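*Asks:* below are the sequence and a predicted model; questions follow.
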Amino acid sequence: MTDEFQNLFEDNFLDDIKAIPTEELKEGERRIVAILFADISGFTKLSEKMDHEEVRDIIDKLFKLFTSSVEKHGGYVDKYAGDEIMALFGAKVASEVDTHRAISCGIDMLEKLDKFNSYIINNPKYNISSDNKLSMRVGINTGMVTTGSIGKGREGDFTVYGDVVNLASRMESNAPINRIMVPEKTMIQAQSNFSFSDHGEIEVKGFSDKISVYIVESAHDPEETKMVVPYLGSRDNIELLLDMYKHSSKSLDQYDRSNLCSIGVKGEAGIGKSRLISEFVKTSNQGILSNNIIRVASDSVSVSPYQTFISIIKKSLSIDRSDSKDIILKKFNQGFDSIIDVLDGELEAQLVK
């Protein structure tokens with residue numbers, strides 16, 4: 001069963017590469033940080049039926065799993081407090097997408113909890129019934145905090161202060177079971193990458209006015225929300241892309257890789273690079289081109305420096321984030337075998353010539 005637990009850490013072995021932090025936060029610095037609180041429920045019920053050491057073993061495994069998820073999304077665990085975990089995104093290493101990373105981490109933690117429940121229920125060591133599943137609430141808030149060390153300045157004492165932290169904690173305590181709650185300002189920052197449902201206004205202890213809150217529903221491709229207005233850009237550029245694509249496709253059909261080409265699209269932010277590519281792909285989907293285009297992008301939420309190439313591999317092999325390591329490895333091997341078959345066919349064609 002140890003191997004089954006280890007498989008929960010990185011369902012996708014292609015995501016194992018981590019970015020190296022390049023910026024450290026100075027003592028006492030004020031910075032915009034995303035704070036995630038997650039509280040796990042169900043340990044008390046387990047304690048009534050299990051030995052305390054077994055419960056501790058389950059808590060330890062689950063928190064190790066969640067810590068791995070936090071680090072995978074570019075954050076770090078600020079503290080563990082009983083059944084609660086507090087994580088920070090942007091405190092030690094800042095980015096423009098810390099809110100996105102925190103929400104992605106929350107979604108990943110909920111998925112991991114579901115798989116962890118299956119692991120402990122199916123493990124005869126724990127003798128847990130399906131009625132004793134663990135559950136979790138997640139609260140996230142982003143805003144200006146004061147950061148620094150407390151006490152003697154040990155590594156684990158680095159933390160953040162302010163009303164933003166308190167509101168993040170209140171989001172967690174008010175969130176529905178197995179859901180993620182955020183205040184309106186945090187929702188606005190991430191609405192291009194996630195879908196939310198309005199949860200109304202709630203009274204929050206320590207705040208005089210009611211807080212508008214939202215529930216995270218799912219992640220989505222930001223490009224899906226951007227391409228809603230008619231395209232008014234240059235059709236000449238699309239025609240150029242089409243011509244070069246046809247040229248490369250013809251070269252591939254003739255086993256002539258010397259005439260393949262690559263295209264770089266450069267321009268200032270907001271000039272329309274993504275829309276140009278989107279219109280090109282849309283044209284291909286209308287049947288003008290063969291439908292064999294793989295579209296990927298560097299996800300701003302990912303901390304992997306090779307994420308674009310990893311995305312190409314995933315898309316090509318139909319690897320889904322819910323796939324287990326065994327399924328991913330099977331797809332990877334099948335894809336590799338198919339590539340070898342294609343190369344063998346090309347070599348045979350060359351020999352025939």
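*Replies:* Received the coordinates, thanks.

*Asks:* can you pull the buried residues of stretch 119-130?
*Replies:* If you call a residue buried by 16 or more other C-beta atoms under 10 Å, then stretch 119-130 has these buried ones: Y119, I120, I121, Y126, I128. Every C-beta, even on glycine, is put in place using the N, C-alpha and C of the backbone.

*Asks:* which element is the first one on?
*Replies:* Counting by DSSP states H and E, the element that carries Y119 is helix 98-121.

*Asks:* ok, back up a step: tell me which of the buried residues of stretch 119-130 is nearest to D39?
*Replies:* I120 (18.3 Å; C-beta to C-beta).

*Asks:* from I107, how far off is the closest one?
*Replies:* 21 Å (C-beta to C-beta, to the nearest Å).

*Asks:* over to H220?
*Replies:* Counting by C-beta to C-beta, the gap from H220 to I107 is 12 Å.

*Asks:* who's more crowded, the two?
*Replies:* I107 (20 against 13; other C-beta atoms under 10 Å).

*Asks:* right, and the more buried one touches R179 too?
*Replies:* No: in this structure, I107 is not within contact of R179 by C-beta atoms under 8 Å, at 10.4 Å.

*Asks:* now the common contact residues for those two.
*Replies:* V216 (C-beta atoms under 8 Å, 6 or more residues apart in numbering).

*Asks:* show me what S212 bridges to in the sheet.
*Replies:* E201 (DSSP bridges).

*Asks:* tell me, how many residues neighbour it?
*Replies:* S212: 14 neighbours (other C-beta under 10 Å).

*Asks:* how far away is it from S95?
*Replies:* Where S95 is concerned, S212 sits at a distance of 26 Å (C-beta to C-beta).

*Asks:* go on, F336?
*Replies:* 34 Å.

*Asks:* more neighbours: which of those two?
*Replies:* S95 (17 against 11).

*Asks:* my read: the more buried one touches R101, true?
*Replies:* Yes: with contact defined as C-beta under 8 Å, S95 and R101 form a contacting pair (7.3 Å).

*Asks:* overlap in contacts, the two.
*Replies:* G74.

*Asks:* mean confidence for stretch 125-138?
*Replies:* Stretch 125-138 shows a mean pLDDT of 87.

*Asks:* same check, this time on stretch 77-96
*Replies:* So the average pLDDT for stretch 77-96 ends up being 85.

*Asks:* same question for stretch 51-61.
*Replies:* 86.

*Asks:* tell me how far it lies from the chain's centre.
*Replies:* 28 Å (C-alpha atoms, centre = their mean, to the nearest Å).

*Asks:* do stretch 327-343 as well
*Replies:* Distance, centroid of stretch 327-343 to centroid of chain: 26 Å (C-alpha atoms, centre = their mean).

*Asks:* format the CA atom coordinates belonging to that stretch as CSV.
*Replies:* In CSV, the C-alpha atoms belonging to stretch 327-343 read as follows (Å, rounded to 0.1, in the frame of the first residue of the first chain):
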residue,chain,number,x,y,z
ILE,A,327,-2.3,5.3,-16.9
ILE,A,328,0.1,8.2,-17.9
LEU,A,329,3.0,5.7,-18.2
LYS,A,330,0.8,3.5,-20.4
LYS,A,331,-0.2,6.4,-22.7
PHE,A,332,3.4,7.6,-22.8
ASN,A,333,4.7,4.1,-23.9
GLN,A,334,1.9,3.7,-26.5
GLY,A,335,2.7,7.2,-27.9
PHE,A,336,6.4,6.4,-28.0
ASP,A,337,5.7,3.1,-29.8
SER,A,338,3.5,4.9,-32.4
ILE,A,339,6.3,7.4,-33.0
ILE,A,340,8.8,4.5,-33.6
ASP,A,341,6.3,2.9,-36.0
VAL,A,342,6.0,6.2,-38.0
LEU,A,343,9.8,6.5,-38.1
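
*Asks:* for C105, see how far away I35 is.
*Replies:* 11 Å.

*Asks:* the nearest residue to N259 once chain neighbours are set aside - how many residues pack around it?
*Replies:* Leaving out its chain neighbours, the residue that sits closest to N259 by C-beta to C-beta, 6 or more residues apart in numbering is S251, at 4.1 Å. Number of residues near S251 (other C-beta under 10 Å) recorded here: 15.

*Asks:* what comes up buried for the strand or helix carrying S251?
*Replies:* If you go by DSSP H and E, S251 is part of helix 235-253. Buried positions in helix 235-253, judged by neighbour count with 16+ other C-beta under 10 Å: I238, L241, Y245, S248.

*Asks:* same check on stretch 89-100?
*Replies:* Buried residues in stretch 89-100 (16+ other C-beta under 10 Å): F89, G90, A91, K92, V93, A94, S95, V97, D98, T99, H100.

*Asks:* name the nearest of those residues relative to L134.
*Replies:* For the buried residues of stretch 89-100, the nearest to L134 is F89 (23.7 Å; C-beta to C-beta).

*Asks:* list the contacts of the closest one.
*Replies:* Per C-beta under 8 Å, 6+ apart, neighbours of F89: V33, A34, I35, L36, H73, G74, G75, D98, T99, R101, A102, C105.

*Asks:* got the residues you listed as a markdown table, with distance to L113 columns?
*Replies:* Formatted as a markdown table, these follow (distance: C-beta to C-beta, whole Å):
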| residue | distance to L113 |
| --- | --- |
| V33 | 24 |
| A34 | 20 |
| I35 | 19 |
| L36 | 14 |
| H73 | 15 |
| G74 | 20 |
| G75 | 17 |
| D98 | 22 |
| T99 | 21 |
| R101 | 19 |
| A102 | 16 |
| C105 | 12 |
